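In: just need the structure, nothing else, for what follows:
(one chain, ligands or ions: 1)
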Amino acid sequence: MCGTDATNGANAANGSTNGKPNGGAKFRSNPYQPVGDFLSNVGSFKIIESTLREGEQFANAYFDTETKIKIAKALDAFGVDYIELTSPAASEQSRKDCEAICKLGLKAKILTHVRCDMRDAKLAVETGVDGLDVVIGTSSFLREHSHGKDMAYIEKTAIEVIEYIKSKGLEVRFSSEDSFRSDLVDLLSLYRAVDKVGVNRVGIADTVGCASPRQVYDLVRTLRGIVSCDIETHFHDDKGCSIANAYCALEAGATHIDTSVLGIGERNGITPLGGLLARMVVTSPEYVKSKYKLHMLKEIEDLVAEAVEINTPFNNPITGFCAFTHKAGIHAKAILNNPSTYEILNPADFGLTRYVHFASRLTGWNAVKTRVGQLGLVMTDDQVKEVTAKIKALADVRPIAIDDADSIIRSFHLTLHEQPEAAQNGPPAVEVVGQ
Ligand SMILES: [Zn+2]
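Out: Sure thing, here's the model as predicted:
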């Protein structure tokens, strides 16, 4: 089944790029078609949301049952394909929480993440999950210093566990840990073996965050040629490459990306849900906008940020406080004329508003003119230019707040000969604020 999915995904991308049916052929029918387009799943990926598994490994995270349920419901309403939960083998409460979330009847499939061990698999199957994400370390570091098993043992156990899970009618993914520091031949032979016994997905995990986008592309593309099942990928953000790596994985033929809200996870976390969608909405706007309720993103991030007692970083894609704030006069002028001049993302897609920062010495008269309109005042362009000079003069002396700039505008207006106020001005298209 998984093989069909993966093949269809690749063909769909193929068909959409060259606009011609390829008759279901797995390989390129057009010799001039770029390899990247054939492999790419940037318009057909699925999200495995791991805030309730990877995110629980974040230093500040302690999710009680009620919080887990709130997060699971929010993610489900947002439209993620899968929700991954902590292993029921981790603790008795983890097992109970897993059962409780399975009973919610969510649209998203519920997965739990377990060690490649028959006891863990049996415990997980009993909770009512839709599938198991099975994991084992394959790098020499982990084989030597963590579980101490050799590759033959890993392969034998993997096949037993996968066959058991499938016999229960559940989905199963098999993943290595630390895939980029595992021996390539070992890794590919293992994945070929599990693919043959019908695993739904194999997983590539950059557990230590060491991979570069090009390494990701190469490994996923190689794996794509070896297995017919789906390919899930998991990227840690130690070097800030987690979004770029996820994108390259999709370009190379990966089908599933692991995310967490705000990227929370072990150490400094993994590919953030919002950041990934910021990237993907630019590449595949129709797919992303039709599938995910993007206007819910801020609410979900706020929910998780509060639960783990952090603030949304200022430079967070989409929801960072200044993500849609324009300050320099030259930018403000262009933005006021046409927002796409200095914005690749449209804040309205996420239920947000752009801001033009006008209370600074970098401001321009176009931004001030918009603010004058918002205040219900009428001035000629020359008068706006004059008051802009006054705002800049004060802002050169000290930082000014929105109230300072508004006072300058109002008192300047008073000095002008009496004019009717433009009370009927409609709401401005752009909100103009101070700092
Ligand atoms: Zn991880």
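In: the strands in the stretch 201-350 of the chain, which residues?
Out: With DSSP state E, counting those that start in this stretch as the criterion, the stretch 201-350 of the chain has strands at 201-206, 230-235, 256-259, 325-326.
In: so which of those gets nearest Lys68?
Out: Nearest to Lys68, of all the strands of the stretch 201-350 of the chain, is strand 256-259, at 16.8 Å by C-beta to C-beta. In this view, the C-beta of every residue, glycine as well, is placed from N, C-alpha and C.
In: parallel or antiparallel, list what pairs with the closest one.
Out: Its sheet considered, strand 256-259 pairs with strand 46-49 (parallel), strand 230-235 (parallel) by DSSP bridges.
In: just name the most buried of those strands.
Out: Ranked by mean neighbour count under mean count of other C-beta atoms under 10 Å, the strands paired with strand 256-259 are led by strand 230-235, which reaches a mean of 28.
In: the inter-axis angle of it versus strand 201-206?
Out: Here strand 230-235 runs at an angle of 20 degrees relative to strand 201-206 (axes from the mean of the first three to the mean of the last three C-alpha atoms, to 10 degrees).
In: please save the CA atoms from strand 230-235 in CSV.
Out: Provided in CSV are the C-alpha atoms of strand 230-235 (Å, rounded to 0.1, in the frame of the first residue of the first chain):
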residue,chain,number,x,y,z
ASP,A,230,7.0,6.3,1.8
ILE,A,231,10.0,8.3,3.3
GLU,A,232,9.6,10.2,6.6
THR,A,233,12.2,12.7,7.7
HIS,A,234,13.1,14.3,11.0
PHE,A,235,15.5,17.2,11.3
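In: circling back to that earlier point, TSV for the strands of the stretch 201-350 of the chain, including distance to Thr67 and mean pLDDT?
Out: Output for the strands of the stretch 201-350 of the chain, formatted as TSV (distance: least, C-beta to C-beta, whole Å; pLDDT from 0 to 100):
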stretch	distance to Thr67	mean pLDDT
strand 201-206	26	96
strand 230-235	23	98
strand 256-259	18	98
strand 325-326	31	84
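In: switch the ones you listed over to TSV; also include distance to Glu126.
Out: Below are the strands of the stretch 201-350 of the chain laid out as TSV (distance: least, C-beta to C-beta, whole Å):
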stretch	distance to Glu126
strand 201-206	22
strand 230-235	24
strand 256-259	24
strand 325-326	51
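In: out of those, which gets nearest to Ile318?
Out: Going by C-beta to C-beta, the one of the strands of the stretch 201-350 of the chain nearest Ile318 is strand 325-326, 12.6 Å.
In: of the strands paired with strand 256-259, which approaches Ser260 most closely?
Out: Nearest to Ser260 among these is strand 46-49; the distance by C-beta to C-beta comes to 7.0 Å.
In: all helices of the stretch 101-250 of the chain, in order?
Out: For the stretch 101-250 of the chain, the helices defined by DSSP state H, counting those that start in this stretch cover 118-125, 140-145, 151-167, 184-196, 213-224, 242-251.
In: mind putting those into JSON lines with mean pLDDT, distance to Leu39 and mean neighbour count?
Out: Conversion of the helices of the stretch 101-250 of the chain to JSON lines gives the following (pLDDT from 0 to 100; distance: least, C-beta to C-beta, whole Å; neighbours: other C-beta atoms under 10 Å):
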{"stretch": "helix 118-125", "mean pLDDT": "97", "distance to Leu39": "32", "mean neighbour count": "18"}
{"stretch": "helix 140-145", "mean pLDDT": "68", "distance to Leu39": "29", "mean neighbour count": "14"}
{"stretch": "helix 151-167", "mean pLDDT": "94", "distance to Leu39": "25", "mean neighbour count": "17"}
{"stretch": "helix 184-196", "mean pLDDT": "94", "distance to Leu39": "17", "mean neighbour count": "18"}
{"stretch": "helix 213-224", "mean pLDDT": "97", "distance to Leu39": "6", "mean neighbour count": "19"}
{"stretch": "helix 242-251", "mean pLDDT": "98", "distance to Leu39": "7", "mean neighbour count": "26"}
